[in-house]
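A.B. asks: how does the following fold in three dimensions:
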Amino acid sequence: MPHLAVRARRSALALALAALSVGSTVAANAPRVDVLIRDGLIVDGTGSTGQLGDVEIVGDRIAYVGPHRATRAHQVVDAQGMVIAPGFIDIHNHSDAALLSAQAFLNESFLRQGVTTVVLGPDGELSPQDIAERLLALGRRGAGTNVAFYVGHNGIRTEVLGAEQNRAPSGLELARMERGVREGMQLGAVGLSSGLMYSPGLFSETDELIALARQVAPFGGVYSTHVRDPHHGLLQSDWEAIEIARQAGIAVNLTHLSTPGKHNRGLMRAVIDLVESARQAGVEVVADQYPYAAVATKQLWSVLNYPPEFALDTRDGIRAALREPAKRARIRQETLSGGASGFSQYKASGPSSILILSCPDLPAYEGRFISDVAAQHQVDGFEAVAYLLESSRTDIIVSMGGFYEEDLRRLMRQPWAMIASDGFAPVPGTTALFASAHPRAAGTFARVLGKYVREEAVLTLEEAIRKATGAPAAFLKLKDRGSIAAGHAADLVIFDPQRIADRATWSEPDLPALGMIAVLVNGRIVVRNGVVTGVAAGRFLPRAEAARPLRH
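C.D. replies: Below you'll find the predicted structure:
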């Protein structure tokens, strides 16, 4: 099996022996570099055909890319038979909590699959204060990956409107929200994100989002959105996102784009037509996706809303409450209405979107939607969920939006679709009750390269790597990341194209990927032979224009 050969340059004798190991002599006056990655297939992130050669690194920068030449190096990475690619940029990542954790700040599950940069704060999550807190944590202990941020609509709206979210902001409040967006951009955010399916974003009107999106335009920022109603109004929701970007004069990312639910099967054709039409009209519209036909995973218990006065904090307590008619009726009311927040996972997704992934006690239901169970028992969707919970002693794992492989592949083939995980690094001791992890956090990028490149040829190797590197870097204007070129930051991955594969499953979502030989972040080796070295080499990556707003 090919392996990583990393040798410290301790003496002239060690250097001579290293030179002899490749059948050549390195001259005493040859260039000296810190790291030499030798004899690999360089796939540079632009989509160009890979070329055999070397990559030389001095400090945190790439110094040379090209044919093999005599070079002295402190460390040599033998990449023969391997692919050398830019480090992957995960443009939708939820690992901001890991920055605050002394146990999780290395983002190991992402490093092991080749991610060198994570973009945090999607779905509208982070206010400027939240970003500032995470930047302080980054300064204290560092991070395994580079870090960028979106400033979030939901985070700002929560701070400005407080408990009174079910209304439009006043003129003064909107001005405060606009100021919050500008503060986030001044901190270095790459743009504005929103999560309009969630509270409090679901209470906002389109005009509110247009006003806020306009605040990022002078900074050269972008808009990334979890659209308003992907389960029940996907095309209208995507149109709203595009219209916000058009009126604000900025680019938009339809993040974790999919066609959730059996009722949306085949709708990806219409989504693609909508995006293409907008692009032809001059709006820069892109999307990202993860390579799984199931969206966020949860334990079935968490699909329902429980009145807080019930204080239900155990599975047995929930099961008992469902068996009491009065409590069952209250749970039903909270679930179908969304309760005080207006949001419930059941209401947002609906029974024809909730896909049963794992049901050990009732395995016949695996791979079926809640609407299928409801039809079989001639009840509505809520009652089908209650039936499953009452009938099973073990946890049932569901996707909040199962969809179909043909729609996933149709999107993946689009040149404007990028790869992202929508995952988060596990943080010890913070797992929410009834939560369930998704394999995308450990497997996304390896799965694309293994399943969709090597095994099924949905994408070429060069195109898959561009979608994970050059494309997100260009969209976010991370000017020296995402491609292999002299002068660029030395964020690099070396992997075995014949072995790269995901191993994470619904039942074992944390299994690390195979085939990642080495990962470098800012010129430092953070993964060697698939093992994380413990080096926290990550940095904060502000948007290129963030320090100096553009003039109108």
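
A.B. asks: so what's Ala374 up against?
C.D. replies: Contacts for Ala374 (CB atoms under 8 Å, 6 or more residues apart in numbering) come out as 351, 380-381, 383-384. For glycine as for every other residue, the C-beta is placed from the backbone atoms N, C-alpha and C.

A.B. asks: leaving out sequence neighbours, find the closest residue to it.
C.D. replies: The shortest distance from Ala374 to any non-neighbouring residue, by CB to CB, 6 or more residues apart in numbering, is to Ala384 (3.9 Å).

A.B. asks: that neighbour contacts Ile370, correct?
C.D. replies: Yes: in this structure, Ala384 is within contact of Ile370 by CB atoms under 8 Å, at 5.2 Å.

A.B. asks: quick one: which of these two has more around it?
C.D. replies: When Ala384 is set against Ile370 and neighbours are counted by other CB atoms under 10 Å, the residue ahead is Ile370, at 28 against 23.

A.B. asks: what about the more buried one, distance to Tyr306?
C.D. replies: 18 Å (CB to CB, to the nearest Å).

A.B. asks: Ala374 now?
C.D. replies: 21 Å.

A.B. asks: same deal with His94?
C.D. replies: Taking CB to CB, one finds His94 at 24 Å from Tyr306.

A.B. asks: now do Val519
C.D. replies: Shown here: Val519 relative to Tyr306, a distance of 42 Å by CB to CB.

A.B. asks: give the contact list for Val190.
C.D. replies: 119, 148-150, 221-222, 476-478, 542-543, 546.

A.B. asks: equivalent analysis for Gly50, please.
C.D. replies: Counting by CB under 8 Å, 6+ apart, Gly50 touches 41-44, 83, 461-462.

A.B. asks: now those in CSV, with neighbour count, secondary structure and distance to Asn253?
C.D. replies: Listed next are these as CSV, based on neighbours: other CB atoms under 10 Å; DSSP: H, G, I helix; E, B strand; the rest coil; distance: CB to CB, whole Å:
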residue, neighbour count, secondary structure, distance to Asn253
Leu41, 19, strand, 30
Ile42, 22, strand, 28
Val43, 26, coil, 24
Asp44, 24, coil, 23
Val83, 23, strand, 27
Leu461, 18, helix, 24
Glu462, 19, helix, 22
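
A.B. asks: now the contacts of Val190 as TSV including distance to Gln129 and pLDDT?
C.D. replies: Listed next are the contacts of Val190 as TSV, based on distance: CB to CB, whole Å; pLDDT from 0 to 100:
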residue	distance to Gln129	pLDDT
Val119	19	98
Ala148	18	98
Phe149	12	98
Tyr150	14	98
Gly221	19	98
Val222	22	98
Leu476	22	97
Lys477	25	95
Leu478	24	94
Pro542	17	95
Arg543	19	90
Ala546	17	44
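
A.B. asks: per-residue confidence for the spatially closest residue to Gln345 that is not a sequence neighbour?
C.D. replies: Using CB to CB, 6+ apart and skipping the chain neighbours, the partner closest in space to Gln345 is Val303 (4.9 Å). Val303 is assigned a predicted lDDT (pLDDT) of 93.

A.B. asks: my read: Val303 touches Ile354, true?
C.D. replies: Yes: with contact defined as CB under 8 Å, Val303 counts as touching Ile354 (6.5 Å).

A.B. asks: what is in contact with these two at once?
C.D. replies: In contact with both Val303 and Ile354: 346, 385, 398, 400, using CB under 8 Å, 6+ apart.

A.B. asks: wait, the last one sits on Leu300?
C.D. replies: No: applying CB under 8 Å, one finds Met400 not in contact with Leu300, separated by 10.6 Å.

A.B. asks: and the nearest residue to Leu476 once chain neighbours are set aside, what's its pLDDT?
C.D. replies: Spatial nearest neighbour of Leu476, chain neighbours left out: Val190 (4.8 Å); criterion: CB to CB, 6+ apart. With respect to pLDDT, Val190 scores 98.

A.B. asks: what about Val532, neighbour count?
C.D. replies: Val532 has 17 nearby residues by other CB under 10 Å.

A.B. asks: err, Ser277, not the other one
C.D. replies: Neighbours of Ser277 under the rule other CB under 10 Å: 13.

A.B. asks: next SSE after the one helix or strand it maps to?
C.D. replies: Here Ser277 sits within helix 268-280, counting by DSSP states H and E. Downstream of helix 268-280, the next assigned helix or strand under DSSP H and E is strand 285-289.

A.B. asks: that next one packs against which elements?
C.D. replies: If you count contacts as 3 or more CB pairs under 8 Å, 6 or more residues apart in numbering; DSSP states H and E, strand 285-289 packs onto strand 252-254, helix 268-280, helix 405-412, strand 417-419, helix 470-476.

A.B. asks: return the most buried member of those.
C.D. replies: strand 252-254 (a mean of 29; mean count of other CB atoms under 10 Å).

A.B. asks: show me the contacts for Arg214.
C.D. replies: 247-249.

A.B. asks: mind checking how far the nearest residue to Gly423 once chain neighbours are set aside is from His92?
C.D. replies: The spatially closest residue to Gly423, leaving aside those adjacent along the chain, is Ala441, at 3.0 Å (CB to CB, 6+ apart). To His92, Ala441 is 12 Å away according to CB to CB.

A.B. asks: overlap in contacts of those two?
C.D. replies: If you check Ala441 and His92 against CB under 8 Å, 6+ apart, the residues they both contact are Ser421.

A.B. asks: pLDDT below threshold where in this structure?
C.D. replies: Along the chain, segments meeting pLDDT under 70 span 1-30, 429-436, 545-552.

A.B. asks: walk me through the domains of it.
C.D. replies: 88-295+403-532, 297-399 (automatic domain parsing).

A.B. asks: of those, flag the one that's most buried.
C.D. replies: Each of the domains of the chain was scored by mean neighbour count; the highest is domain 88-295+403-532, a mean of 21, by mean count of other CB under 10 Å.
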